[in-house]
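# model this:
(one chain, ligands or ions: 3)
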Amino acid sequence: MTAKPFALQELPTDLMQERMPRHVAVIMDGNGRWAKRRGLPRIMGHRRGVDVLKSLLRCCRDWGIEALTAYAFSTENWGRPTEEVEFLMTLFERVLRQELQEMMQEDVQIRFVGNLVMLPRSLQAEIERAVTETQKNHGIRFTVATNYGGRQEILQACRAIATQVQAGQLEPEEIDQAVFERHLYTAGICDPDLLIRTSGEMRISNFLLWQMAYAEIYVTNTLWPDFNGEEFHRALINYQQRDRRFGKVNAP
Ligand code: IPE
Ligand code: IPE
Ligand code: MG
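Ligands and ions are numbered 1, 2, ... in the order given. Next up, the predicted model:
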């Protein structure tokens, strides 16, 4: 059983190149429900979800999107049954190992955001290898949020900044948005322009809280394992029709 292909390679003619998002973020939700509806164990949904993510990454690259960030595991997801958590950790490790060569061929630069030291050692090693090997690639920047929580990210930034102040390396007045952003996991990556969440849930679930300040949010009822090129195309058409004001007013 393979996921539906993202058939299109060229940018569809009804999308404007100059209005494409630079950075797309996805909350890949609905794997469990997808499996349940088919009478399958939840993990089958996660397995299929990986194929969808791979296709989306390729599609973003083909359509000239600079960065894709995917929410793979939240700090709250540890509260799931042990078998599911263990399956996910093993899946991440296996996929990383299997896909590294292809990521090199496709010039993908992968990085991870989240509290990685709490992940299994073997997964940490695989992450380290993939990040190091792909760091000089210049194609799409692919960020995977693993054991990621927006609140935890903000707290660790505060702690790091407070430590610098305590050591006399930084004055409190010097703490501005730029300084703060340098202490986030996402330092150096532009904020997401478009957030897509599948499975119809209208919430952020602790994802990129700081970075999402002005992201355009698109929610589809489609479950993540059924998300495909057509759906992504629809999300982009919708995004291109948005009026991004950033708090200002448009000229009459
Ligand atoms: C998202 O799908 C994947 C992860 C959180 C790892 P879910 O597993 O949350 O699927 P639902 O929401 O239970 O259907
Ligand atoms: C968000 O989905 C986390 C990931 C997709 C990794 P959840 O399924 O964990 O979020 P809630 O529980 O619906 O808020
Ligand atoms: Mg869910």
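
# and the nearest residue to residue 138 once chain neighbours are set aside, how far is that from residue 169?
Distances taken as Cβ to Cβ, 6 or more residues apart in numbering place residue 107 nearest to residue 138, at 6.0 Å, with adjacent residues excluded. Yep, even glycine has a C-beta here, placed from its N, CA and C like the rest. Between residue 107 and residue 169 the computed distance is 37 Å (Cβ to Cβ, to the nearest Å).

# More neighbours: the two, which one.
Legend: neighbour count by other Cβ atoms under 10 Å for residue 107 and residue 169, higher for residue 107 (13 against 10).

# quick one: that one from ligand 1, how far?
Distance, residue 107 to ligand 1, using Cβ to the nearest ligand atom, to the nearest Å: 27 Å.

# And for residue 252?
When residue 252 is compared with ligand 1 (using Cβ to the nearest ligand atom), they lie 44 Å apart.

# Please give the number of neighbouring residues around that residue.
Neighbour tally, residue 252, other Cβ under 10 Å: 3.

# Contact partners for whichever residue of the stretch 1-150 of the chain sits closest to ligand 1?
As assessed by Cβ to the nearest ligand atom, ligand 1 sits closest to residue 32 within the stretch 1-150 of the chain, at 2.9 Å. Contacts for residue 32 (Cβ atoms under 8 Å, 6 or more residues apart in numbering) come out as 42, 45.

# quick check, it in a helix?
Yes: using DSSP: H, G, I helix; E, B strand; the rest coil, the assignment for residue 32 is a helix.

# Report pLDDT for it.
For residue 32, the model assigns a pLDDT of 98.

# Also residue 9?
Each residue has a pLDDT score; the one for residue 9 is 80.

# where's it, which helix or strand?
Following DSSP states H and E, there is no helix or strand that holds residue 9.

# What sits closest to it if chain neighbours are left out?
The nearest residue in space to residue 9 (Cβ to Cβ, 6+ apart) is residue 62, at 5.0 Å.

# one step back: could I get the contacting residues of the residue nearest to residue 138?
Contacts for residue 107 were tallied using Cβ under 8 Å, 6+ apart; they are 137-140.

# Provide the secondary structure category for it.
coil.

# what do you get for residue 196?
strand.

# gap between it and ligand 1?
13 Å.

# hang on, the earlier thing: could you check how far the residue of the stretch 1-150 of the chain closest to ligand 1 is from ligand 2?
Taken as Cβ to the nearest ligand atom, the span from residue 32 to ligand 2 is 8 Å.

# Look at the residue nearest to residue 9 and report its pLDDT.
95.

# for residue 251, same thing?
pLDDT recorded at residue 251 is 76.

# I'd guess it is in a strand, am I close?
No: using three-state DSSP, the assignment for residue 251 is coil, not a strand.

# which parts of the stretch 101-250 of the chain sit against ligand 2?
201, 203, 205 (Cβ under 6 Å from any ligand atom).

# switch the cut-off to 8 Å
Contact residues, the stretch 101-250 of the chain versus ligand 2 (Cβ under 8 Å from any ligand atom): 145, 148, 199, 201, 203, 205-207, 224.
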